[in-house]
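Undergrad: What follows is a predicted protein model with its sequence.
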Amino acid sequence: QVQLVQSGAEVKKPGASVKVSCKASGYAFTGYYFHWVRQAPGQGLEWMGWIDPNLGGTSIAQKFQGRVTLTRATSINTVYMELSGLRSDDSAVYFCARDSESVVVTALGHWGQGTLITVTS
Amino acid sequence: DIQMTQSPTSLSASVGDRVTIACRANQTISTFLNWYQQKSGKAPRLLISEVSTLQGGVPSRFSGRASGSDFSLIITGLQLDDFATYFCQQSYGPPWTFGQGTRVEIK
């Protein structure tokens, strides 16, 4: 069965960077796009971008361009989201999600458990 | 960015009720509309993709429909397990955007 396991919670200072990992198992890693979505406390869902784990191509929401880097390590079936220049309003739960369809982007069919990032001085 | 507007933001309903949640896009998104259920402290769960395709394991009491840029999630015969927050989401073009959510509470 498809499983996405994310790295643990982190506390960061303003201006720092954070890198969250998402390890996939139970299917062919390079066959499905990964997305990153965040959710501030008590708030809605915000899509950040996707990565093609096969070729490494990415699409980043304009709001996050210049601050978000999406990468992958195919040898260990893991994708990463790095967010730099952290601000207090970046405090949120960050989810990775795998697309529901192979090779295309359609919907967020499988989700990681979420990683809480807290930005505080 | 495409704006998704859900209504209502919350509703109270009883077990067995028929519940309809609406979602409107401010521009055409074709059929690239998905619905998610989220319970407190958990990751969202994909219920329906591309307007009306029910995902595996999702009960048949959930259904989706569209009329132009207006979309609906319908729960026919609400069950205790359905009390949660529901989000619509468009995947027509980046950035993908979500509705603000509809919280379904027990009456």
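TA: On my side now, so go ahead.
Undergrad: Can you pull out the low-pLDDT segments for chain A?
TA: Of all residues in chain A, none has pLDDT under 70.
Undergrad: Surely residue B:81 forms part of a strand?
TA: No. Applying DSSP: H, G, I helix; E, B strand; the rest coil, one finds residue B:81 to be helix, outside a strand.
Undergrad: Mind pulling up the pLDDT for it?
TA: pLDDT, residue B:81: 96.
Undergrad: Report how many residues lie close to it.
TA: 9 (other C-beta atoms under 10 Å in any protein chain shown). To be clear about C-beta, it is placed using only N, CA and C from the backbone, and glycine gets the same treatment.
Undergrad: And for residue B:64?
TA: By other C-beta under 10 Å, the residues close to residue B:64 number 23.
Undergrad: Same question for the one 4 residues further on.
TA: In terms of burial, residue B:68 registers 8 neighbours under the definition other C-beta under 10 Å.
Undergrad: Phi and psi next, for it.
TA: Backbone torsions for residue B:68, taken as degrees, to the nearest 10, come to phi 60, psi -120.
Undergrad: if I look at it, how far off is residue B:1?
TA: The spacing between residue B:68 and residue B:1, counted by C-beta to C-beta, to the nearest Å, is 20 Å.
Undergrad: I'd like the distance between the closest residue to residue A:60 other than its chain neighbours and residue A:6.
TA: Leaving aside its chain neighbours, residue A:60 sits nearest to residue A:49 (3.9 Å; criterion: C-beta to C-beta, 6 or more residues apart in numbering or on different chains). Here residue A:49 is placed at a distance of 16 Å from residue A:6 (C-beta to C-beta).
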